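Novice: Show me the folded form of this:
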Amino acid sequence: MSSISSAFKDMDAKVEMKRYGCAVIAAVIFAVNIKTFVRAGGLYPGGFNGLTLLIQGIFREFAGMEIPYTLINVALNAIPVLIGLKYIGIKFTLSSCVVIVLSSILTDLIPSQPITYDPLLISIFGGLINGFVVSLCLIGNTSSGGTDFIAIYFSEKNGQDIWNYILCGNAVILVAAGLLFGWDKALYSIIFQFTSTQMVQMLHQRYKKHTLFIITRHPDEVYEEISKLSHHSATRLDGTGCYSGDNTAMIYSVVSREEAKLLVKKVAEVDPQAFVNIIKTDFINGRFYYKTDY
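Specialist: Coordinates of the predicted model:
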């Protein structure tokens, strides 16, 4: 029992190392991206980071005051952090706080180093970097805070990918920025946010679901692999091969996209003759297990 307990502790330690490693790396890249691309283009990246920059701009333009990024961003994230603690999980929320605080401090400390002043290049590459960092956070089971808490809460609750809805919500910030500081920056910010959102959807596949149809002569072993890897159940339909006349079975199950790739390999090991058909699934209704580590 002691060896099993030690193994679980080691596994938990690795998970937490990955979580906080991703948090620190993401915070650094967030800050660098703001000081190289976002600030150079006068963009508003959306979410609470964009809102923080918008508030900074308002104070700078209309009150002649330079409010620290850290002060505004940490204050704005207070309520989302409470939501995270209550509905998502302590580990997830604390590591997200590392991203929020560290990225904010670094944004204030790192000097501005623009790479280019071309607004289109800034919008595209800045958006790609931002989307990569958001995905890095999610892969490490952490987040950049703010709207990420809201997105993850609803994704876990409903099993739906809502990043496009977050993009629509960010439009409110862009309208305010356009009215106050000019529509060119706001419109380029839309390109930035769209690029970032598509990057997240491409890299973060947790909520993409695939349907598996597996024709096999070893249904029990195949189901065991599905259950062990994904914690999902399956439906077995016994039948007869039309060409061979042999008894066979079809296993039907819905799993995540990441799990589908792993299951194809496992099924091939159990039954090299198995026929696997994978179909993209846009919507399911009913109980569906989501593996969490918050």
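
Novice: State the distance from Asp184 to Thr240.
Specialist: Distance, Asp184 to Thr240, by C-beta to C-beta, to the nearest Å: 67 Å. C-beta here means a position set from N, CA and C on the backbone, and glycine is covered the same way.

Novice: so is Ile215 in a helix, a strand, or just coil?
Specialist: strand (DSSP: H, G, I helix; E, B strand; the rest coil).

Novice: residues contacting Gln273?
Specialist: The contact partners of Gln273, by C-beta atoms under 8 Å, 6 or more residues apart in numbering, come to 216-217.

Novice: try it again with 7 Å
Specialist: Arg217 (C-beta atoms under 7 Å, 6 or more residues apart in numbering).

Novice: For it, give me the pLDDT.
Specialist: With respect to pLDDT, Gln273 scores 87.

Novice: before we move on, what SS does it have?
Specialist: Classified using three-state DSSP, Gln273 is coil.

Novice: quick one, phi psi at it?
Specialist: phi -90, psi 0 (degrees, to the nearest 10).

Novice: Distance check, it against Arg217.
Specialist: Taking C-beta to C-beta, one finds Gln273 at 7 Å from Arg217.

Novice: and the closest residue to Lys280 other than its chain neighbours, which of the three is it?
Specialist: Distance criterion C-beta to C-beta, 6 or more residues apart in numbering; nearest residue to Lys280, sequence neighbours excluded, is His210 at 6.1 Å. With three-state DSSP as the basis, His210 sits in strand.

Novice: Tell me which residues touch His210, please.
Specialist: Per C-beta under 7 Å, 6+ apart, neighbours of His210: 255, 257, 260, 278-281.

Novice: now the residue lying closest to Thr116 once chain neighbours are set aside: how far from Val38?
Specialist: In space, Thr116 comes closest to Ile122 once its chain neighbours are excluded; the distance is 6.4 Å by C-beta to C-beta, 6+ apart. For Ile122, the distance to Val38 equals 8 Å [C-beta to C-beta].

Novice: before we move on, the earlier item: show me what counts as buried in the helix or strand encompassing the residue nearest to Thr116.
Specialist: Per DSSP states H and E, Ile122 falls inside helix 119-139. Going by neighbour count (16 or more other C-beta atoms under 10 Å), the buried part of helix 119-139 is 119, 122-139.

Novice: For it, which helices and strands make contact with it?
Specialist: helix 2-33, helix 39-41, helix 183-203 (3 or more C-beta pairs under 7 Å, 6 or more residues apart in numbering; DSSP states H and E).

Novice: mind checking which of these is nearest Ile115?
Specialist: Closest approach to Ile115 among the helices and strands packed on helix 119-139 (C-beta to C-beta): helix 39-41, 7.3 Å.

Novice: So what's the gap between the closest one and the chain middle?
Specialist: 25 Å (C-alpha atoms, centre = their mean, to the nearest Å).

Novice: I appreciate the help and will end here.
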